[in-house]
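*Asks:* Output the structure for:
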Amino acid sequence: MSEQVAPPPAADAAQPQPGVQAPPPVEPPAKKSGRGKALGIIGAIVVFLVIAGLKFGLGTAIGNFLNKDETAEAKTGDCIAELPKVTGAKEEKVDGAKVVECTSTDAAYTVVGRADGQTTEQARTGEACEQYFTEGQDGYVFSSVERGKTGYVLCLTKKA
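*Replies:* Down below sits the predicted model:
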């Protein structure tokens with residue numbers, strides 16, 4: 001029976017050969033701290049939730065949270081801050097309409113009525129508010145209706 005044995009290395013084998021560069025020393029990989037791992041996991045969860053939310057329609061809810069309709073909960077007796085001046089039956093898009101305290105100097109209109117479940121066409125006519133306005137009184141109609149859906153109409157009078 002025979003065995004093959006490797007010859008011992010030459011005494012000068014550890015010395016680099018002229019013109020040959022020695023490889024850099026290899027360092028063991030750094031271990032992540034518990035905090036680093038936790039941040040990585042949290043980041044992955046956030047990315048997953050954002051993607052799932054966008055895919056399954058939570059984008060609208062997130063959008064509504066970020067761009068909240070501050071008049072959505074307005075009711076009779078509430079006051080609304082100043083809105084742009086509109087004459088006749090002209091429509092104008094309004095951003096930033098909000099309910100304010102009626103004692104506030106910002107209060108410009110009083111909500112005298114509210115109609116929910118209104119289509120764009122119903123909101124455009126303002127018929128839902130006719131019952132809240134008295135003869136000779138200037139009435140204003142503020143609506144929030146998404147295209148193809150229903151929404152609400154606020155019937156407003158200029159605050160005295």
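*Asks:* where along the chain do the strands fall?
*Replies:* Shown for the chain, the strands assigned by DSSP state E span residues 79-81, 99-100, 107-118, 139-144, 151-158.
*Asks:* Among the ones you listed, which comes closest to Glu70?
*Replies:* Of all those, the one in closest proximity to Glu70, counting by CB to CB, is strand 99-100 (6.1 Å). C-beta here means a position set from N, CA and C on the backbone, and glycine is covered the same way.
*Asks:* before we move on, back to that, in a markdown table: the strands of the chain, plus distance to Pro25.
*Replies:* Shown next, in a markdown table, are the strands of the chain (distance: least, CB to CB, whole Å):
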| stretch | distance to Pro25 |
| --- | --- |
| strand 79-81 | 69 |
| strand 99-100 | 69 |
| strand 107-118 | 74 |
| strand 139-144 | 68 |
| strand 151-158 | 69 |
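*Asks:* any chance of the ones you listed in JSON lines, with mean pLDDT too?
*Replies:* Output for these, formatted as JSON lines (pLDDT from 0 to 100):
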{"stretch": "strand 79-81", "mean pLDDT": "93"}
{"stretch": "strand 99-100", "mean pLDDT": "92"}
{"stretch": "strand 107-118", "mean pLDDT": "95"}
{"stretch": "strand 139-144", "mean pLDDT": "90"}
{"stretch": "strand 151-158", "mean pLDDT": "93"}
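*Asks:* Could you export those strands as CSV, including distance to Arg124 and mean neighbour count?
*Replies:* Shown next, in CSV, are the strands of the chain (distance: least, CB to CB, whole Å; neighbours: other CB atoms under 10 Å):
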stretch, distance to Arg124, mean neighbour count
strand 79-81, 19, 20
strand 99-100, 23, 18
strand 107-118, 9, 18
strand 139-144, 8, 19
strand 151-158, 10, 21
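*Asks:* how about these, which one is nearest Tyr132?
*Replies:* strand 107-118 (3.4 Å).
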